[in-house]
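Asker: Sequence first, predicted model second:
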Amino acid sequence: MPDTGPVRSLDAKYYIDPKIYELEKAGLLAQTWQFACHASELRNVGDYYTFDLAGESLFSIRGRDGVIRTFYNVCQHRAHQLVEGQGTTRVVVCPYHAWTYELTGHLRAGPNTNAIEGFDKSKICLTEVRTEEFLGFVFVNLDTEAKPMDDWFPNVRSELESFVPNWADLAPLEWVEIPENCNWKVSVENYSECYHCQLNHPTFSTGVIKPETYDIQPQGYCLRHTTESNALDQMSYDINSGFDNNEKYSSWFLWPMFSFQVYPGNLLNTYHWRAVDADHVVVWRGWYSVGGNDNETVRKMALQDRATTVEEDIRLVESVQKGLKSRGYVPGPLVVDPKCGVNSEHSILHLQRWMREAVAN
Ligand code: FES
Ligand SMILES: [Fe+2]
């Protein structure tokens, strides 16, 4: 008999089994668009930025043509790592035997390589990774066949631009690092429903948004959150930015591990979930201002958010992770309201479908 009852939440194994996490690392992380860095880290020709993804070291670098490219951080001679951290360089020089590469990844020269019979340096190039700039944010996808971000996340670029018209002037002002003792999916799910907000986020629910107008809808592999902000006199800060949409809150969660969030007043901030292992994730919160210059409102919001919503959520997700390990836990039904709205978990339904798909093969 097919089970016709309500859709139940995912089995606990998805959140606690290290084998599932390994499958995600090999598959999901290598086949989805992942945040690399903010383009302001690569302002000038030759600026590079190193980062890890799916167990690989990679680096993004700005070429002489202004294009940001990303390469596996491995020399095509005998595999030494090429660069570390961030910096700027005219050419990429391998520290092992000094083979040098152009900013396009092509081999430029190597000591005594002319002595090699049949050597054709034009055939040697660093291995490039798909890279896209998305309103000043650099994303990469290790899957060479991946569809562009605009296919994965339809309309997000234009919507976000209408909320953050000055995106090209922004740079990071603050990064807040939040280690959480839970699986990355527990944290992402918690971010992706507001059924828990009224009970657990008093500041957010009364000082930032209007819960009765909150909704989350899928848009390709994006989950779009929308709500109106609270009555202006109840706002915890001044939202007069001079831009359209300044009275709204919205967020665009890009499956699987990144979210753009815009607070009333057109304040852009981001989430980047970095999975550590099955039981740990570090959430990087980014806060942006014009030129990365000091900005009292942005700092105040970053502090308020850290002290309230973030702190409140840590307790929730860590308790859930413990609960998922309990022999007494049987996954319960998702509260899917056909009318959607703030007290519905329809967004979790979509998310858990993607989570299942990610490890299905
Ligand atoms: S491994 Fe890079 S130059 Fe030899
Ligand atoms: Fe929350």
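Answerer: Perfect, I can see it now. Ligands and ions are numbered 1, 2, ... in the order given.
Asker: Please identify the buried residues of stretch 7-25?
Answerer: 9-10, 12, 14-16, 20-21, 24 (16 or more other CB atoms under 10 Å). For every residue, glycine as well, the C-beta is placed using N, CA and C.
Asker: again, but for stretch 138-147
Answerer: 138-142, 146.
Asker: quick one on the thing from earlier: among the buried residues of stretch 7-25, which are located in helices?
Answerer: Using DSSP state H, 14-16, 20-21, 24 are the members of the buried residues of stretch 7-25 that sit in helices.
Asker: hang on, the earlier thing: columns pLDDT and distance to ligand 1 on top of the buried residues of stretch 7-25, output as TSV?
Answerer: Shown next, in TSV, are the buried residues of stretch 7-25 (pLDDT from 0 to 100; distance: CB to the nearest ligand atom, whole Å):
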residue	pLDDT	distance to ligand 1
Ser9	97	49
Leu10	97	44
Ala12	98	45
Tyr14	98	40
Tyr15	98	40
Ile16	98	40
Ile20	97	36
Tyr21	97	32
Glu24	97	31
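Asker: out of these, who's nearest His196?
Answerer: Ser9 (13.7 Å; CB to CB).
Asker: middle-most residue in the chain, spatially?
Answerer: In the chain, the C-alpha nearest the mean C-alpha coordinate belongs to Phe258, at 2.1 Å (CA atoms, centre = their mean).
Asker: Contact partners for Asp47?
Answerer: In this structure, Asp47 makes contact with 41, 61-62, 86-88, judged by CB atoms under 8 Å, 6 or more residues apart in numbering.
Asker: quick one: it from Val342, how far?
Answerer: In this view, Asp47 and Val342 are 43 Å apart by CB to CB, to the nearest Å.
Asker: Does Gly332 touch Val7 like I think?
Answerer: No - taking contacts as CB atoms under 8 Å, Gly332 lies outside contact range of Val7: 10.4 Å.
Asker: And what about the spatially closest residue to Lys121 that is not a sequence neighbour, helix, strand or coil?
Answerer: The shortest distance from Lys121 to any non-neighbouring residue, by CB to CB, 6 or more residues apart in numbering, is to Leu107 (4.8 Å). Three-state assignment for Leu107 (DSSP: H, G, I helix; E, B strand; the rest coil): strand.
Asker: and Leu107, what does it touch?
Answerer: 76, 99-101, 121-122, 124-125.
Asker: Apart from its chain neighbours, what residue comes closest to Leu53?
Answerer: Nearest non-adjacent residue to Leu53 (CB to CB, 6+ apart): Gln34, at 5.4 Å.
Asker: An error on my part: the question was meant for Gly110.
Answerer: Using CB to CB, 6+ apart, the closest residue to Gly110 is Trp99 (3.9 Å).
Asker: can you tell me how far the one you found sits from ligand 1?
Answerer: Distance, Trp99 to ligand 1, by CB to the nearest ligand atom, to the nearest Å: 4 Å.
Asker: ok, now Ala146?
Answerer: Taken as CB to the nearest ligand atom, the span from Ala146 to ligand 1 is 28 Å.
Asker: how about that residue, phi and psi?
Answerer: The phi/psi pair for Ala146 (degrees, to the nearest 10) reads phi -60, psi 140.
Asker: Now for the closest residue in space to it that isn't next to it in sequence, how many residues are close by?
Answerer: Distance criterion CB to CB, 6+ apart; nearest residue to Ala146, sequence neighbours excluded, is Arg130 at 5.7 Å. Residues within reach of Arg130, counting by other CB atoms under 10 Å, total 18.
Asker: Kindly report the same for Cys37.
Answerer: 21.
Asker: Near ligand 1, which residues of the chain are found?
Answerer: By CB under 6 Å from any ligand atom, the residues of the chain that approach ligand 1 are 75, 77-80, 94, 96-97, 99.
Asker: List the buried residues for stretch 186-197?
Answerer: 186-195, 197.
Asker: er, stretch 286-305 actually
Answerer: 286-289, 292, 295, 298, 301-302, 304-305.
Asker: And for Trp255, the neighbour number?
Answerer: Around Trp255 there are 23 residues (other CB under 10 Å).
Asker: got the phi/psi numbers for it?
Answerer: Dihedral angles (degrees, to the nearest 10) for Trp255: phi -50, psi 130.
Asker: Could you do the one 5 residues further on as well?
Answerer: Comment: the main-chain dihedrals of Phe260 come out as phi -90, psi 130, following degrees, to the nearest 10.
Asker: how much space between the residue nearest to it when sequence neighbours are not counted and Gly292?
Answerer: Here the nearest residue to Phe260 in space, its sequence neighbours aside, is Trp252; by CB to CB, 6+ apart that works out to 4.7 Å. Distance of Trp252 to Gly292, given as CB to CB: 22 Å.
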